[in-house]
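> Here's my sequence, what's the structure:
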Amino acid sequence: MPEALGACFDPAGHCITCGDLGESMRVLRVDESRALALCEGRDGAHTTVEIGLVDAAPGALLLVHAGTAIAALDDEAAA
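From the prediction side, this is the model:
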């Protein structure tokens, strides 16, 4: 997780404000006209994610919180 975002999440990865988990997800497909991406979580589930705050392309890893991508991740940070 990017260091600047680390202060927003507790050691278990939960948001300190709302309790939701920040989750790493891989981009499968992007709809640029609507700033949405179809992403896959670690469990294999597919979810639509809002990507207006980050640059995303198929294959990219994103940190997703409450349905919104808040940071791009490298493979090491996602682990």
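
> and the longest strand seen in the chain, which strands flank it?
Criterion DSSP state E: the longest strand present in the chain is strand 23-31. Using DSSP bridges, the strands paired with strand 23-31 are strand 36-40 (antiparallel), strand 61-65 (antiparallel).

> pLDDT of the first one, averaged?
What strand 36-40 shows for mean pLDDT is 98.

> wait, doesn't His65 sit right on Gly22?
Yes - because the distance of 4.7 Å satisfies Cβ atoms under 8 Å, His65 is recorded as touching Gly22. In this view, the C-beta of every residue, glycine as well, is placed from N, C-alpha and C.

> quick one, which of the two is more surrounded?
Taking other Cβ atoms under 10 Å, His65 and Gly22 do not tie; His65 has more neighbours (22 against 19).

> ok, what's across the strand from that one?
When assigned by DSSP bridges, His65 has beta-bridge partners Thr68.

> Distance to Asp74 added to the strands paired with strand 23-31, as a markdown table?
Listed next are these as a markdown table, based on distance: least, Cβ to Cβ, whole Å:
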| stretch | distance to Asp74 |
| --- | --- |
| strand 36-40 | 16 |
| strand 61-65 | 7 |
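
> which of the ones you listed sits most buried?
Highest mean neighbour count among those (mean count of other Cβ atoms under 10 Å): strand 61-65, with a mean of 23.

> Between the strands paired with strand 23-31, which one is closest to Glu50.
Taking Cβ to Cβ, strand 36-40 is the member of the strands paired with strand 23-31 nearest to Glu50, at 6.2 Å.

> Report the angle between whatever helix or strand comes next after the closest one and strand 23-31.
Counting by DSSP states H and E, the next helix or strand C-terminal to strand 36-40 is strand 46-50. Per axes from the mean of the first three to the mean of the last three Cα atoms, to 10 degrees, the angle that strand 46-50 makes with strand 23-31 is 80 degrees.

> quick one: average confidence on strand 46-50?
Strand 46-50 shows a mean pLDDT of 97.

> Enumerate the positions of that strand that are buried.
By 16 or more other Cβ atoms under 10 Å, the buried positions in strand 46-50 come out as Val49, Glu50.

> Give the other helices and strands that that strand contacts.
Counting contacts by 3 or more Cβ pairs under 8 Å, 6 or more residues apart in numbering; DSSP states H and E, strand 46-50 packs against strand 23-31, strand 36-40, strand 61-65, strand 68-73.
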